[in-house]
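> this is a predicted model, with the sequence first.
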Amino acid sequence: MKSVSCRALLGAAFLTIIFAAPLQAYGPLGHEIVGAIADERLANTPTAAKISVLIDGMTLEKAAVIPDEIKGWDKKGVDVPKAFHYSAHSKIDRQLRDFWRANQPTHDMNSAAPSHHWFHYTDVPVVRVEKYAEGRAGRSKWDVVHMIPYCVEVLRGRVPEQNERKITKPVAVILLAHYVADIHQPLHVGAEYFDGQGHVADPDKNKSALGDEGGNTFTLELSDEPPRARGVHKKKLHGFWDNDAVNALFPEVPNALPKSERQQQIDPAKKQLVREMATHEPEAWRMPTNIAIANYAEAWADEILPIAREAHERLQFRNAHPQQEEDRVVAAGEAEEKSQSDHISYRTWATGVVREELHKAGWRLADLLEKTFTSTSADVSSPSIAPKPPPPKPTPD
């Protein structure tokens, strides 16, 4: 499970209450950027009109953060009196609650119902150069590579809305707005694995090898990091990619400022970045014409896997050891920046990667939704009945 705490950028009118919750994958700011780029790319199109009907007038920028926000229900459930709800969008709120109930958090890989956390990532080993389909370890039929096409098939009417995962068409749009960004975050696709002695291992050969959960269980030490103040803990590798590398795209805002003032300073810069990215085409973002929409997610995973590998190769892993984490054992330890022959710091390199991937993700989200809605005549305002979908890929042992 990818679990990183970060600040929520929520409007008071959007939720019943403001709450603190664990958010993942580029943090809310990164997801908002991707959704906002897609909003601008689709503006004034028939696809935008259909999306607006489905998600009750919400923008993709706002919808994109919801799949992380609902993790706030994980601790006490969705039905406790003080649970937050999307009160301005009651129909969608009901559907999101049904989705959460059908996919409640669990670490039991043999669970009959998957955790909604699993849908956000895949943990392909980066120990060697390989594509998603070339191995088994770290993949599952409920990972992000499978969930993106599943949501597309719901929108196309090929998977009925009365499915076991409770993914309706509105929920499918919300999930796609989020998952397309997730799959462009390197540590949501690739992971390092270690044996019991702390050495890097290949989990396809060593079944007892433990993963770093996309860097969530390793602290990160960078060469340009200022001395930590007393009581300030080291950041996690995954959290660096979610937050620090995204925040580095903007002018530094003092942490001492109240949240509202920090947001006021960030918003103009975010709008400017979104406008720039939406109006300038990113390089190499288009999928080859011979790749079907159903295979886009796998192609995106294959594309970012070498970057995920480099994200680990630029680091030296130390003190890797098995660690009990709630009801499972994971690999934990420390990651320290290596000196590089290119003399580019890890922070500078990662920030460049994040900028490029957010840019691509925004255009790809818009393109995916455009192709999805123009390839079907299904009525977006009502449930559809369709043949049973093809069986998913095999689940890893």
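Perfect, I can see it now.
> residue 40 looks like it's in a helix, true?
Yes. According to DSSP: H, G, I helix; E, B strand; the rest coil, the state of residue 40 is that of a helix.
> from residue 274, how far out is it?
When distance is defined by Cβ to Cβ, to the nearest Å, residue 40 is 7 Å away from residue 274. To be clear about C-beta, it is placed using only N, CA and C from the backbone, and glycine gets the same treatment.
> please apply the same query to residue 168.
28 Å.
> if we can go back for a sec, comparing residue 40 and residue 274, which residue is more hemmed in?
residue 274 (22 against 18; other Cβ atoms under 10 Å).
> who touches the closest residue to the more buried one other than its chain neighbours in this structure?
Spatial nearest neighbour of residue 274, excluding adjacent residues (Cβ to Cβ, 6 or more residues apart in numbering): residue 36 at 4.4 Å. Residue 36 sits next to 59-61, 270-271, 274, 278, 362 when contact means Cβ atoms under 8 Å, 6 or more residues apart in numbering.
> which one of those is nearest residue 102?
residue 60 (23.5 Å; Cβ to Cβ).
> number of residues surrounding the nearest residue to the closest one once chain neighbours are set aside?
Nearest-residue entry for residue 60: residue 35, 3.9 Å, with adjacent residues in sequence omitted and distances by Cβ to Cβ, 6+ apart. A count of nearby residues for residue 35, using other Cβ under 10 Å, gives 28.
> same check on residue 165?
22.
> do the one 3 residues further on as well
Residue 168 is surrounded by 24 other residues when neighbours are defined as other Cβ under 10 Å.
> what of residue 110?
Residue 110 has 6 nearby residues by other Cβ under 10 Å.
> that one and residue 140, how far apart?
Distance from residue 110 to residue 140, by Cβ to Cβ: 11 Å.
> hang on, the earlier thing: now do the host helix or strand of the residue nearest to residue 60: distance to the chain's middle.
If you go by DSSP states H and E, residue 35 is part of helix 27-42. Centre-to-centre, helix 27-42 and its host chain are 13 Å apart (Cα atoms, centre = their mean, to the nearest Å).
> now for the following helix or strand past that helix, which elements pack on it?
Using DSSP H and E, the helix or strand that follows helix 27-42 in sequence is helix 46-54. Other helices and strands packing on helix 46-54, by 3 or more Cβ pairs under 8 Å, 6 or more residues apart in numbering; DSSP states H and E, are helix 27-42, helix 169-182, helix 346-374.
> from the chain's centroid, how far away is helix 46-54?
With Cα atoms, centre = their mean, you get 23 Å for helix 46-54.
> who's in contact with that helix?
Contacts of helix 46-54 (Cβ under 8 Å, 6+ apart): 39, 42, 58, 60, 169-170, 173, 369-370, 373-374, 380-381.
> using JSON lines, please lay out these together with distance to residue 180 and neighbour count.
Shown next, in JSON lines, are the contacts of helix 46-54 (distance: Cβ to Cβ, whole Å; neighbours: other Cβ atoms under 10 Å):
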{"residue": "39", "distance to residue 180": "13", "neighbour count": "23"}
{"residue": "42", "distance to residue 180": "13", "neighbour count": "23"}
{"residue": "58", "distance to residue 180": "16", "neighbour count": "23"}
{"residue": "60", "distance to residue 180": "10", "neighbour count": "31"}
{"residue": "169", "distance to residue 180": "17", "neighbour count": "26"}
{"residue": "170", "distance to residue 180": "17", "neighbour count": "25"}
{"residue": "173", "distance to residue 180": "11", "neighbour count": "26"}
{"residue": "369", "distance to residue 180": "9", "neighbour count": "25"}
{"residue": "370", "distance to residue 180": "13", "neighbour count": "18"}
{"residue": "373", "distance to residue 180": "15", "neighbour count": "23"}
{"residue": "374", "distance to residue 180": "17", "neighbour count": "12"}
{"residue": "380", "distance to residue 180": "19", "neighbour count": "17"}
{"residue": "381", "distance to residue 180": "24", "neighbour count": "9"}
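> and residue 199, how far from residue 129?
From residue 199 to residue 129 the distance is 19 Å (Cβ to Cβ).
> compare the two and say which is more crowded by neighbours.
Each of residue 199 and residue 129 has its neighbours counted (other Cβ under 10 Å); residue 199 has more, 12 against 9.
> related to what we said a few turns ago, mean pLDDT and distance to residue 324 added to the helices and strands packed on helix 46-54, as TSV?
Converted to TSV, those look like this (pLDDT from 0 to 100; distance: least, Cβ to Cβ, whole Å):
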stretch	mean pLDDT	distance to residue 324
helix 27-42	96	27
helix 169-182	98	27
helix 346-374	97	29
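> need those in TSV (columns: distance to residue 80).
Below are these laid out as TSV (distance: least, Cβ to Cβ, whole Å):
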stretch	distance to residue 80
helix 27-42	23
helix 169-182	21
helix 346-374	33
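> and of the ones you listed, who's closest to residue 133?
helix 169-182 (18.8 Å).
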